[in-house]
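**Q** Got a predicted structure plus its sequence, pasted below:
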Number of protein chains: 2
Amino acid sequence: MTDPINRALLPAGLHDVLPREAAFEATIVEKLMAEFALNGFDRVKPPLIEFEASLLSGPGAAMATQTFRLMDPVSQRMLALRPDMTLQVARIATTRLANEPRPLRLSYGGQVLRVKGSQLRPERQFGQVGVELIGTLLPTADAEVVLLAYRALDAVGVNNISVDLNVPTLVPAVCRALDLPDDETARLRQALDRKDAAEVAAVGGKAADLLASLMRASGPADRAVELLAALDLPEAAEGDRQRLTEVVRLIRAGAPRLMLTVDPVEHRGFEYQTGISFTLFSRGVSGELGRGGRYRAGARKPGSQGEPATGFTLYLDTVLRAVPDPAPSPRVFLPLDTQESDGARLRSEGWVTVRALESFDEPAAEARRLHCTHIFTGGGILPAA
Amino acid sequence: MTDPINRALLPAGLHDVLPREAAFEATIVEKLMAEFALNGFDRVKPPLIEFEASLLSGPGAAMATQTFRLMDPVSQRMLALRPDMTLQVARIATTRLANEPRPLRLSYGGQVLRVKGSQLRPERQFGQVGVELIGTLLPTADAEVVLLAYRALDAVGVNNISVDLNVPTLVPAVCRALDLPDDETARLRQALDRKDAAEVAAVGGKAADLLASLMRASGPADRAVELLAALDLPEAAEGDRQRLTEVVRLIRAGAPRLMLTVDPVEHRGFEYQTGISFTLFSRGVSGELGRGGRYRAGARKPGSQGEPATGFTLYLDTVLRAVPDPAPSPRVFLPLDTQESDGARLRSEGWVTVRALESFDEPAAEARRLHCTHIFTGGGILPAA
C-alpha cells in the first residue's frame, strides 16, 4: 500500500466523492431537510454505531445479515454500524421522546453502511434522508408523508416523479381468510413476486381467482381503486381496501398531477411494513428514489404492539442521478494586493474568491490555471479568459 | 434489551442528538462549509471506512490506537472506521486529484469515530469540518488558513476567538543544533509540556538558557515576535523564526482585532505537524474549537517527502458550545380544511407548518399541544396562546 495507485484503492462499494459532486450532494440533502423542517418534521441525529443487541432486535433483525459488527473495547460488547436509520429514529421516538405529544414528526439525514451491496445498489455506503410520522393510524398521515416526499423531490428538481402504492398486508389477509396452508401461501408469494399469473392460477387453490383479479388491478391508481371496489374481498381485507381508497383520494386531492399507481400484491422490500407502503420513482431514472410506509415503532418488547407509524427514506445516490447537474459557480481570482474588505464584499455578493498566495506577472494566466472564471482588479471584475 | 429504558441505552460516548440541537448543528455545519466554499475550498467526501493498511499508514499510524477496526467479508481484509478526516483528504489530493493545479483548496465535513473518548472530549463520535490547502510552502498559505478559520467561526457567531500559534519544529531544531542526546531531548520535551521551568533548567544542559528564553516568549504575538527576534537562535531554527514572524505579520494585517498569541515550545497534539501550527479557542468556552497546521500530504511512500500542506479541523461539539442558542422557529398549525396552496405559501414565507390529521373542536388547544405558536384560519394567522 505504498504507491499512489494502490493508496487510492478503496474497498469495493466505497467511494471518494470529489469536488462539485460532494458540494452538490450536500446542497440537495440540506434542501430536502429544509423542506421536511418547514413541514414540521424536527431533525434528530442518532449515532453511527449502537449496541448490536439494540439495533438488530425486533424489526431490525431483518437487516442483521447486511450489518457490519465490531467489538467495543470499552463496554466489551458487540456494536453494529447502522445499515438503516428508520429504526434508530423509531427508537428515539419511543424512548427519549416518549413524552412528546403525538403525532410526532421527526426527520433525519445521514450515512448508512451495508456489508454487501446489491445488484441494483452496489454502494456499501450511501446517504439516507427521511421522515417518520409517529403515533397515528389516520389515513391523513399516510397521505401526508407521500405528499411530502413528492413535494421535497419536486423542490430539488426531480422530474417525472411517480409513486407506486402497495398494501403488503392484503395478500396475507386474503390467504388467511381463505384458510390457505402456510406452504401454499409461501409458494403463492413467490409466484406473485414474479407476477407469474400461470403459477398463481396453478398453486392458488381457492384464492387463485381473487389473487388473479388483484394482480390485474395493478396500474394507474384511479382504475385500480375502481377494480378493487368491484371485488368480493374477504372481510379481513376490507380495512386494507378502504384505507387504500381513502389514501388514493387524499393524495389525488393534494397533488392532482402526481403519477400515482397501485400494485396491491407487491410486498418485496416491505418486510417490516404493516400497512400502506410506497415506492418513489422518477421516469427514466433507474432504481428507486426511496420508499416508505406503515410500521410499528418500538414493537421490540415481547407482547408490545408498539406505536403506529409511517414515514419514508430517500436514497441519495438515486436522487442525485435524477437531478440536473448544477451550473458551476463563477470563481474570481484575487491578486496578492487585494484588500480583505474587497474579498469579503465579493463573497457577500455570492462570488467564490480564490486568493493569490504570491504575486504574478500575468495574474490572468494564473487565474485560468486555477479554474477561475474571473479576475479582480482594483477597478472591478474582468473575465479571466 | 427489551424494556424502553434499556433500549435507550447507547454505548458510552455515543449520543442521540434531539430536535432543535440536531437542526442547529446541521445549520452551523452548512454555514461553515459555505464560508469555506466561498473562499475557494471545494468540498470532498471520503468514505467512513477504508482499508486499515491505507488509513493507518504513514502519519495515520499516530491514530492507530484510537481507531475501530472491522473485518470486511467481501475483501477479507481489515477495515478501519476513520478517526479523523485530514489524512483522507490528503490521500484524495495526492491521488485522485494529483493532476489538479496547485495550490489545491479542499474542504470537508463529516463524522469521525474513536475507540475511546479523552478526558477533555468524552464523545466517541463527533463532527469535524475543515479545509486543506495543498501544494505550497508559502507563508501566505499559513496565514490564509488561520484567517479563514477565524472568519468562518466569526460568521457562525463565535465570540472572543483567539488563535495560539505554535512551531512544533523549533525545539527539536534547537536540540539538534546543540547536539543534545535523544534521551535528554525527550526529558526536555516532557518538562516543556508541563511548562516546568525548573526542570528545563535542570535537564536542559547547554540548551537550558535558550529554552528558558523561548518559554518566556510565550504570550501575545507582537511581544513574542519581539522577544524571539532578540534571541541568539542556532541557524537551523532561523527558518522557523522568520516564517513565524512573517505569518504573524500577515494575520495581524488581515484581522487586526483577532487575539493572537504565540507559544514557541508547545508541541502536544501536533505529532504529524511539520511547521507553523495553531489552536483555536473562544474565551470562556472550555476545550479547543479546532486546530491546524503544516504537514506533508501523501508522505506515506518510503523516501517520499509528500507535498507541503496546511489546513485546520474544527471540532463541532466545542464550536456548538461557543455559539448562542438559536431562537425557536414560529410554528403555525394548519387545521384539516387548509388548502395545500395556503400551506405552500406560508412555508415560502418561512413559517414551519404543522398539518392537522383530523378535525378538532378546539384547534387552538391542539395547536398548543403540538408546540405550535400560531394557528392558521381562513382569514390569516393568529397566536395559538
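**A** On my side now, so go ahead.
**Q** So which residues on the stretch 51-200 of chain A come close to chain B?
**A** For the stretch 51-200 of chain A, the residues in contact with chain B (CB under 8 Å from any CB of the partner chain) are A:51, A:53-54, A:57, A:68-70, A:72-75, A:77, A:79, A:81, A:88, A:91-92, A:94-98, A:101, A:103, A:105-106, A:109-111, A:113, A:115-116, A:124-125, A:136, A:138, A:140-141, A:144, A:147. No exception for glycine: its C-beta is placed from N, CA and C like everyone else's.
**Q** Which of the residues you listed fall within helices?
**A** A:Ala53, A:Ser54, A:Gln88, A:Arg91, A:Ile92, A:Thr94, A:Thr140, A:Ala141, A:Glu144, A:Leu147 (DSSP state H).
**Q** Pick out the residue of the stretch 51-200 of chain A closest to chain B.
**A** Closest residue of the stretch 51-200 of chain A to chain B, CB to the nearest CB: A:Thr95 (3.7 Å).
**Q** Tell me how many other residues surround that residue.
**A** A:Thr95 has 17 neighbours, counted by other CB atoms under 10 Å in any protein chain shown.
**Q** and if you look at A:Pro168?
**A** A:Pro168 - counted by other CB under 10 Å - has 23 other residues nearby.
**Q** what number of residues lie near A:Arg345?
**A** Neighbours of A:Arg345 (other CB under 10 Å): 12.
**Q** ok, the helix or strand hosting it near chain B or not?
**A** A:Arg345 belongs to helix A:340-348 when assigned by DSSP states H and E. Yes: using CB under 8 Å from any CB, helix A:340-348 comes into contact with chain B via A:Glu340, A:Arg347.
**Q** Return the list of helices and strands in contact with that helix.
**A** When contacts are defined as 3 or more CB pairs under 8 Å, 6 or more residues apart in numbering or on different chains; DSSP states H and E, helix A:340-348 packs onto strand A:331-334, strand A:352-355.
**Q** For the closest residue to chain B within the stretch 151-300 of chain A, give its distance to A:Thr377.
**A** The nearest approach of the stretch 151-300 of chain A to chain B comes at A:Gly254, 5.4 Å away (CB to the nearest CB). Distance, A:Gly254 to A:Thr377, using CB to CB, to the nearest Å: 53 Å.
**Q** repeat for A:Pro308
**A** Counting by CB to CB - A:Pro308 and A:Thr377 are separated by 64 Å.
**Q** Compare the two and say which is more crowded by neighbours.
**A** A:Pro308 (20 against 13).
**Q** Correct me if wrong: the more buried one contacts A:Ile276.
**A** No: using CB atoms under 8 Å as the test, A:Pro308 is too far from A:Ile276 to be in contact (11.3 Å).
**Q** Overlap of the contact sets of the two?
**A** Here A:Pro308 and A:Ile276 share the contacting residues A:Arg294, scored by CB atoms under 8 Å, 6 or more residues apart in numbering or on different chains.
**Q** what's the burial count for A:Gly157?
**A** When neighbours are counted by other CB under 10 Å, A:Gly157 registers 13.
**Q** typed the wrong thing, it's A:Thr140
**A** 17.
**Q** same question, A:Ala23
**A** By other CB under 10 Å, 21 other residues sit near A:Ala23.
**Q** try the one 3 residues further on
**A** Other residues lying near A:Ala26 total 20 when counted by other CB under 10 Å.
**Q** cool, and A:Leu18?
**A** The burial count for A:Leu18: 17, using other CB under 10 Å.
**Q** Contact partners for the residue nearest to it when sequence neighbours are not counted?
**A** Leaving aside its chain neighbours, A:Leu18 sits nearest to B:Val44 (5.9 Å; criterion: CB to CB, 6 or more residues apart in numbering or on different chains). Residues near B:Val44 by CB under 8 Å, 6+ apart: A:Asp16, A:Val17, A:Leu18, A:Pro19, A:Ala22, B:Val89, B:Ile92, B:Leu106, B:Ser107, B:Tyr108.
**Q** Next up, the contacts around the fifth one.
**A** What it means is A:Ala22. Counted by CB under 8 Å, 6+ apart, A:Ala22 has contacts B:Asp42, B:Arg43, B:Val44, B:Lys45.
**Q** isn't the first one right up against B:Tyr108?
**A** Just to be clear, that refers to B:Asp42. No: assessed by CB under 8 Å, B:Asp42 is found out of contact with B:Tyr108, at 9.9 Å.
**Q** List the buried residues of stretch A:229-245.
**A** Using 16 or more other CB atoms under 10 Å in any protein chain shown as the test for burial, stretch A:229-245 gives A:Leu231, A:Leu233, A:Ala236, A:Ala237, A:Asp240, A:Arg241, A:Arg243, A:Leu244, A:Thr245.
**Q** helix, strand or coil for the third one?
**A** On the three-state scheme (DSSP: H, G, I helix; E, B strand; the rest coil), A:Ala236 is labelled helix.
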